[in-house]
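**Student:** Structure for the following, please:
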Amino acid sequence: MTLPVEQLTWQKGGQNEAELNEHLVRALIRSGVCVTLQDASLDYIFIANLPDCWSVLPAQSPRDQDMFGPEIGAALTSLKTDAITRLENQQQEMAVGQNQFFEFNVELLVPTHNPALVMTTIIDLTEERRRERTLKALLRELSHRSKNLLAIIQSIATQTARHSGTLDSFLSKFRGRLYSLSQSQDLITDSSWTGARFRDLATQQIEKYVTEDHSGITLEGDNPWLSPNEALHVGLALHELVVNAASHSGAAAQATAPVELTCTNRQQDNRQQIEICWNETRPESPASHAEAEPHNGRFGSIVLERVVPNAVDGTANYRIAPDHVTYNLTFTQENPS
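**Tutor:** Predicted coordinates for the structure are as follows:
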């Protein structure tokens, strides 16, 4: 067996060619690559590693259409005829059913062999194509999620600007909300885009604005798994609540002005219903009465009362009084686990 010069890395002279051929054939069979040899009349001389989806009947002089079926057999015979007629190598990928893919490489061995031989190499591309399909599906999903995230960011930017009196005020609020989204997105990404646990989400949103030991906030109740959409919007709601609490006399940071954050996961009509309750106690002071002014016009309130419940297909109740703030968000899980 003589290899083309450009493919032969090194070979010691004087080796027995028959013995060398035997070793090369053994290596070929172990490689798992299917190789066939035919003469110029397309009569088969050698077949190795034929994929399991095809077979050669005993005592049969195999032909392409008998071995590969009418459609693939006819296409393969045409490739080989073209290779002989045009003296050019041929290549074609073909599908077997819906889930198997093979690449056929037809090469005319001329003038190394006389008369000419037709060598066909069949490479199984099934796993490669499956990985490509999976990657394409992931990219489509990533594109979809990215567009949703960008739409959320665009809405936040627009509404924050609308309810900010100065550029500095806009930048401060927008950066905080963007940070909230990024923190939630980190948890979602870490879970391979499956979602996040409620307690992890709450801890991330709290730790930036309160003391290190979180002594002002008591986190109780269940720890359900939230879908990516739920995690992003619940995280945004928690961000608004924490920032508002931190901006009022340090309410979120001081044990004397506690915040109770509770999550309840209950079964209802064969589905999981999530209820998140924020109960913030504010110190009674003359200033606190001024802080209890109508809040419906602020974007934070719009997020809590409209944006978040609409995004998770739930309901919300947000109340501000001189001495306390309560927020209840209830929704049915999209994909409970």
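**Student:** Residue 205 and residue 175, how far apart?
**Tutor:** Plainly put, residue 205 is 15 Å away from residue 175 if you go by Cβ to Cβ, to the nearest Å. Bear in mind the C-beta positions are built from the backbone N, C-alpha and C, glycine included.
**Student:** Looking at these two, which is more packed in?
**Tutor:** residue 205 (25 against 11; other Cβ atoms under 10 Å).
**Student:** if I pick that one, what's in contact with it?
**Tutor:** By Cβ atoms under 8 Å, 6 or more residues apart in numbering, the contact set of residue 205 is 180, 183-184, 235, 238-239, 242.
**Student:** so which strand or helix has it?
**Tutor:** helix 198-207 (DSSP states H and E).
**Student:** Show the subsequent helix or strand relative to that helix.
**Tutor:** From helix 198-207, the next helix or strand downstream (DSSP H and E) is strand 217-221.
**Student:** what's the angle from that next one to helix 198-207?
**Tutor:** Using axes from the mean of the first three to the mean of the last three Cα atoms, to 10 degrees, the direction of strand 217-221 lies 170 degrees away from that of helix 198-207.
**Student:** Strand 217-221: which residues count as buried?
**Tutor:** 217, 219, 221 (16 or more other Cβ atoms under 10 Å).
**Student:** quick check: mean pLDDT across stretch 46-63?
**Tutor:** Average pLDDT, stretch 46-63: 84.
**Student:** Now it - C-alpha only, PDB.
**Tutor:** The C-alpha trace of stretch 46-63 is given here as PDB (Å, rounded to 0.1, in the frame of the first residue of the first chain):
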ATOM      1  CA  PHE A  46     -13.400  -5.000   0.000                       C
ATOM      2  CA  ILE A  47     -15.800  -3.700   2.700                       C
ATOM      3  CA  ALA A  48     -14.800  -2.800   6.200                       C
ATOM      4  CA  ASN A  49     -16.800  -1.300   9.100                       C
ATOM      5  CA  LEU A  50     -20.100  -1.000   7.400                       C
ATOM      6  CA  PRO A  51     -22.500   1.000   9.700                       C
ATOM      7  CA  ASP A  52     -25.200  -1.100  11.400                       C
ATOM      8  CA  CYS A  53     -28.000   0.600   9.400                       C
ATOM      9  CA  TRP A  54     -26.800  -1.300   6.300                       C
ATOM     10  CA  SER A  55     -25.900  -4.900   5.700                       C
ATOM     11  CA  VAL A  56     -24.600  -7.400   3.100                       C
ATOM     12  CA  LEU A  57     -26.500 -10.700   2.800                       C
ATOM     13  CA  PRO A  58     -24.500 -13.900   3.000                       C
ATOM     14  CA  ALA A  59     -23.300 -15.200  -0.400                       C
ATOM     15  CA  GLN A  60     -24.400 -12.000  -2.000                       C
ATOM     16  CA  SER A  61     -22.400 -10.100  -4.500                       C
ATOM     17  CA  PRO A  62     -23.200  -6.700  -3.100                       C
ATOM     18  CA  ARG A  63     -24.500  -3.800  -5.200                       C
END
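**Student:** still on that earlier bit, please list the members of the contacts of residue 205 that lie in helices.
**Tutor:** Residues of the contacts of residue 205 located in helices (DSSP state H): 180, 183-184, 235, 238-239, 242.
**Student:** Closest to residue 147 out of those residues?
**Tutor:** Nearest to residue 147, judged by Cβ to Cβ, of these is residue 184 at 17.0 Å.
**Student:** hang on, the closest one packs against residue 236?
**Tutor:** Yes: contact status for residue 184 versus residue 236: in contact at 7.5 Å, counting by Cβ atoms under 8 Å.
**Student:** Thank you, goodbye.
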